[in-house]
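**Student:** Give me a 3D structure for the following:
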Amino acid sequence: MMEETEVLEEENELISVAMQIILHAGNGRTKTQEAIKYAKEQDFEAAHDALKEAKDHIVLAHRSQTAIIQNEAAGKSYQPSLLFTHAQDHLMTITSEVNMTRDLVDLFEVVMKKQETV
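**Tutor:** Numbers count the residues shown, from 1 in each chain. Below is the predicted model:
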């Protein structure tokens, strides 16, 4: 049976990691929004730079999540945490947004280049 201090340490670890995931994923979302803004202005170099930064933030969020998963694989157990579940959902959603935004920027760039040749 876990002692109260062990439970609190576990909760604090999950809260800290969940907040890191939410923070980094949220920064990734902000960068995807910047990429769309740049694409609308036809500044595709800046759009791609913003998407690279978005992906870098997603990688940081994913690393935080992976540390907890690796701990569990090594035998450490955690109590279910709604905040950690929310953070994972947040990361998954924003990862999809980053991927979709990359495709949209690429598509818009192709369309604009074709219009220039017409």
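**Student:** what about Leu23, neighbour count?
**Tutor:** Leu23: 16 surrounding residues under other C-beta atoms under 10 Å. Every residue, glycine included, has its C-beta placed from N, CA and C.
**Student:** Need phi/psi at Ala74.
**Tutor:** Ala74 has phi and psi values of phi -90, psi 0 when expressed as degrees, to the nearest 10.
**Student:** okay, now it: neighbour count?
**Tutor:** 7.
**Student:** cool, and Ser64?
**Tutor:** For Ser64, the neighbour count with other C-beta under 10 Å is 20.
**Student:** Summarise which helices and strands the helix or strand encompassing it is packed against.
**Tutor:** Following DSSP states H and E, one finds Ser64 within helix 44-73. Packed against helix 44-73 by the contact rule (3 or more C-beta pairs under 8 Å, 6 or more residues apart in numbering; DSSP states H and E) you find helix 4-40, helix 82-117.
**Student:** ok, now which ones touch Ile22?
**Tutor:** Contacts here follow C-beta atoms under 8 Å, 6 or more residues apart in numbering; on that basis Ile22 touches Ala61, His86, Ala87, His90.
**Student:** buried stuff in the helix holding Ser64?
**Tutor:** For helix 44-73, a neighbour-count test (16 or more other C-beta atoms under 10 Å) marks 44, 47-48, 50-51, 53-55, 57-58, 61, 64-65, 68 as buried.
**Student:** Kindly reformat the residues you listed as CSV containing pLDDT.
**Tutor:** What follows is the buried residues of helix 44-73, written out as CSV (pLDDT from 0 to 100):
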residue, pLDDT
Phe44, 97
Ala47, 98
His48, 98
Ala50, 98
Leu51, 98
Glu53, 98
Ala54, 98
Lys55, 98
His57, 98
Ile58, 98
Ala61, 97
Ser64, 94
Gln65, 94
Ile68, 93
